[in-house]
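Participant: Sequence unavailable; structure follows:
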């Protein structure tokens, strides 16, 4: 029976075989070189060395000597780090006494990870207090109305009203199904007044952009982490993406403007058709369009009836032939 191969390790993780053999060598004074076949680490780490009078024997290095030698590397690195620290302090100490002109640099980082609902909401509130022009929002879920996240309604109302009083406006993208949620209607119609809300069949995750200067977006699924972004290139990307979605959306309040049907297919059925040809299941289609699976299947059945399909495979083929997935011409 052969022993397990030796695994390489550092001096701070001496293997059991090596420790046992080193202790034996200390007790006996020297051991035969072949005895270290299962613990080559002892010679690699310098804990054993050949006996001067017999190359076939190994003698142990005194533990105190071995310890001092092994600690020399870390001690040197620590000393180097301290020297580097002192050099940096010497370099930057006079610079910190220079009075900075306002606006030349920002004290806020380009990216900041926020943890916890309270901290996230406070960061949004602080940024809102400095905003005065426009807030862009993407809100995919009911209950997340305006750029307030999960803050209590009175706090959000005060914050948003102060922004509106400064002459600002909101542009918010919702999922189309949220037009039936009462608090969404009340908030947009009564609180935001002339601000605009539009709907899409599908929207990405939450996004809040304030005055094209700072943005907030989720950093995890549950919503306990958020990313505060102040990098100009990323902000420009978010604003461009929002504007493109905005032009594809339709107004939601006070009256939803319905797009015309295409060959008897409603806009909602067009959205379902697009997901069908991508190969998604009924459950995925329902989730992405914010409806229950039973409603999704009713729409699929109506779509199949309208196109004269007798099977799921044939339905995908008929959708492709029908031309219903082409974008309508002209402005929405």
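Facilitator: Nice, thanks for sending it over. Given the structure is predicted, the values throughout are model-derived calculations rather than measurements. Residues are numbered from 1 along each chain as shown.
Participant: doesn't residue 226 make contact with residue 112?
Facilitator: No. Using Cβ atoms under 8 Å, residue 112 is not in contact with residue 226, being 9.2 Å away. For every residue, glycine as well, the C-beta is placed using N, CA and C.
Participant: Compare those two and say which is more crowded by neighbours.
Facilitator: Between residue 112 and residue 226, residue 226 has the larger neighbour count (other Cβ atoms under 10 Å), namely 25 against 14.
Participant: returning to what we had before: between residue 112 and residue 226, which contacts overlap?
Facilitator: Counting by Cβ atoms under 8 Å, 6 or more residues apart in numbering, the shared contacts of residue 112 and residue 226 are residue 123.
Participant: For the residue lying closest to residue 205 once chain neighbours are set aside, grab phi and psi.
Facilitator: Computed as Cβ to Cβ, 6 or more residues apart in numbering, the closest residue to residue 205 that is not its neighbour in sequence is residue 218, at 5.5 Å. Geometry field for residue 218 lists phi and psi as phi -60, psi 150, criterion degrees, to the nearest 10.
Participant: Residue 169 now?
Facilitator: Reported as degrees, to the nearest 10, the phi and psi values for residue 169 are phi -140, psi 160.
Participant: That one touches residue 134, doesn't it?
Facilitator: Yes. With contacts counted by Cβ under 8 Å, residue 169 reaches residue 134, the gap being 5.6 Å.
Participant: just checking, residue 49 touches residue 62?
Facilitator: No. Under the criterion of Cβ under 8 Å, residue 49 makes no contact with residue 62, lying 11.3 Å away.
Participant: tell me which residues of stretch 109-118 are tucked away?
Facilitator: Of the residues in stretch 109-118, those with enough neighbours to count as buried (16 or more other Cβ atoms under 10 Å) are 114, 117.
Participant: likewise stretch 122-132?
Facilitator: Along stretch 122-132, these residues count as buried under the neighbour rule (16+ other Cβ under 10 Å): 123-125, 127-128, 131.
Participant: Just those: which are in helices?
Facilitator: Among those, the members falling in helices (DSSP state H) are 123-125, 127-128.
Participant: Return the member of these nearest to residue 237.
Facilitator: Of all these, the one with the least separation from residue 237 (Cβ to Cβ) is residue 127, at 18.4 Å.
Participant: distance of that closest one from residue 62?
Facilitator: According to Cβ to Cβ, to the nearest Å, residue 127 and residue 62 sit 64 Å apart.
Participant: Residue 215 is in contact with residue 229, correct?
Facilitator: Yes. With contacts counted by Cβ under 8 Å, residue 229 reaches residue 215, the gap being 4.5 Å.
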